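**Student:** I would like to see how this sequence folds:
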Amino acid sequence: MPKIRCLYVGCIYLEKGYCTAPQVNIDPDEGCLTFTQLEDPFEDDSWEDELDGFDEWEEDDFDEDDWLDEDDLIDDDF
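**Tutor:** Below you'll find the model as predicted:
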């Protein structure tokens, strides 16, 4: 079985620079059709589910009077 040197990064079939797929399909225009992206462990969108049910921030939700003035701060806050 021939070894196929692969320059793709992040493919599930890539091992030490060589393709380990049992069958490879190459298209001259599209490239490797066998390429399958590894799941990125750093790409975690689960936190978006925690935001369900929260409304978007609306300008009417707060008034300029809600801001603290410098006089309202205690010196210990700095």
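
**Student:** Sketch out the helices for the protein, chain order is fine.
**Tutor:** 46-50 (DSSP state H).

**Student:** what residues are up against the residue nearest to Gln37 when sequence neighbours are not counted?
**Tutor:** Nearest residue to Gln37, sequence neighbours excluded (Cβ to Cβ, 6 or more residues apart in numbering): Gly10, at 5.6 Å. Where you see a C-beta, it was placed from the backbone N, CA and C, and this is true even at glycine. Counting by Cβ atoms under 8 Å, 6 or more residues apart in numbering, Gly10 touches 37-38, 40.

**Student:** And the residues you listed, which is the shakiest by pLDDT?
**Tutor:** Taken together, the contacts of Gly10 show their lowest pLDDT at Asp40, with 71.

**Student:** quick one: that residue and Gly17, what's the gap?
**Tutor:** As judged by Cβ to Cβ, to the nearest Å, Asp40 and Gly17 stand 20 Å apart.

**Student:** What is the neighbour count of the nearest residue to Cys32 once chain neighbours are set aside?
**Tutor:** Leaving aside its chain neighbours, Cys32 sits nearest to Ile26 (5.8 Å; criterion: Cβ to Cβ, 6+ apart). When neighbours are defined as other Cβ atoms under 10 Å, Ile26 has 10 of them.

**Student:** Sketch out the strands for the chain, chain order is fine.
**Tutor:** With strands called from DSSP state E, the chain shows them at 14-15, 18-19, 26-27, 31-32.

**Student:** Nearest to Ile4, out of those?
**Tutor:** strand 18-19 (4.2 Å; Cβ to Cβ).

**Student:** Contacts for that closest one, please.
**Tutor:** Strand 18-19 is contacted from outside by 3-6, 11, 13, 32, 34, using Cβ under 8 Å, 6+ apart.

**Student:** In the residues you listed, which residue is surrounded by the most others?
**Tutor:** Neighbour-wise, the contacts of strand 18-19 (other Cβ under 10 Å) top out at Cys6, 20 neighbours.
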